[in-house]
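>>> give me coordinates for this.
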Amino acid sequence: MRFLRVMVIVVVVLGALAVGADRWAADYAEGRLAERIQARQGLAGSAEVEIRGFPFLTQALSHELEQVDIRLDGVDAVADGRKTRLSQLRASFRGVKLNGDYSGGTARKAEGSALITYPDLTEASQTGVKLAHGGAPDKVKVTASVEVLGRTFTRSVVSTVTLVDAQDGGNGGSGKGGGKLVRVRADEVPGEGIPGVESAIRKKTDFERRLDGGLPGGLQLTGLTADEAGVHLVLSGTDVSLAGS
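Coordinates of the predicted model:
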């Protein structure tokens, strides 16, 4: 009986050591991967990585990870020479095939979300307007000032934010290379019968932005919603690059 008790204790201790070693290896890999992502993306904020599944070492030796979750803050999406700040980006990569030197990999599929706050959307407009929540789902309030016939007109309009194909865009998006555009367009602009007021206001309130650059390769915009926090982007893709592999 004493022998059995000793064996049980040995097995428990060895098991605990194995679990501890596996967790240490996973923590180390998560830290290195986060550093690589942060450097490659040029993040203004932080990067966090969590490798799912157990044991990690078995997954690593097979060069395939079950799931990798990333949380990025301060991502700059750049397209057509314009920058749009994503305050948050969260994504889950599934079926990640690691490359030979473990510096990155390619996920079979990935899903995620990103947030553009209204201050960041205001800066992205590059037209001097101010954006805020419009009081209803997928609506934003856009305030702009223009000068027409020597008079300054300031108007606040309710706009709809939508996701459209890049080839359908025209105001602020080149339409090159496909992809998606985030479009903000006023539902109605009060012109008060003064010639040129509505068109002048729309030149500022209506705009489109591409967000292709800055996202992990293969991750695409597939939808969006708007609420009090800002514009929430839905992301998904297949054969998605992780850490620039």
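>>> what's around the nearest residue to residue 145 once chain neighbours are set aside, how many residues?
Among residues not flanking residue 145 along the chain, residue 154 sits closest, at 4.3 Å (C-beta to C-beta, 6 or more residues apart in numbering). C-beta coordinates here come from the backbone N, C-alpha and C atoms, glycine included. Using other C-beta atoms under 10 Å, the number of residues around residue 154 comes to 9.
>>> per-residue confidence at residue 154?
Looking at residue 154, its pLDDT is 83.
>>> pull out the buried residues from stretch 65-78.
65, 67-75, 77 (16 or more other C-beta atoms under 10 Å).
>>> so for that stretch, what's the average pLDDT?
Mean predicted confidence for stretch 65-78 is 87.
>>> if we can go back for a sec, mind putting the buried residues of stretch 65-78 in JSON lines, secondary structure included?
Listed next are the buried residues of stretch 65-78 as JSON lines, based on DSSP: H, G, I helix; E, B strand; the rest coil:
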{"residue": "65", "secondary structure": "strand"}
{"residue": "67", "secondary structure": "strand"}
{"residue": "68", "secondary structure": "strand"}
{"residue": "69", "secondary structure": "strand"}
{"residue": "70", "secondary structure": "strand"}
{"residue": "71", "secondary structure": "strand"}
{"residue": "72", "secondary structure": "strand"}
{"residue": "73", "secondary structure": "strand"}
{"residue": "74", "secondary structure": "strand"}
{"residue": "75", "secondary structure": "strand"}
{"residue": "77", "secondary structure": "strand"}
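>>> for those residues, give me TSV that also has distance to residue 38.
What follows is these, written out as TSV (distance: C-beta to C-beta, whole Å):
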residue	distance to residue 38
65	19
67	20
68	15
69	15
70	10
71	11
72	8
73	10
74	10
75	10
77	16
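>>> what's the domain layout of the chain?
For the chain, automatic domain parsing gives the domain ranges 2-109, 118-216+221-230.
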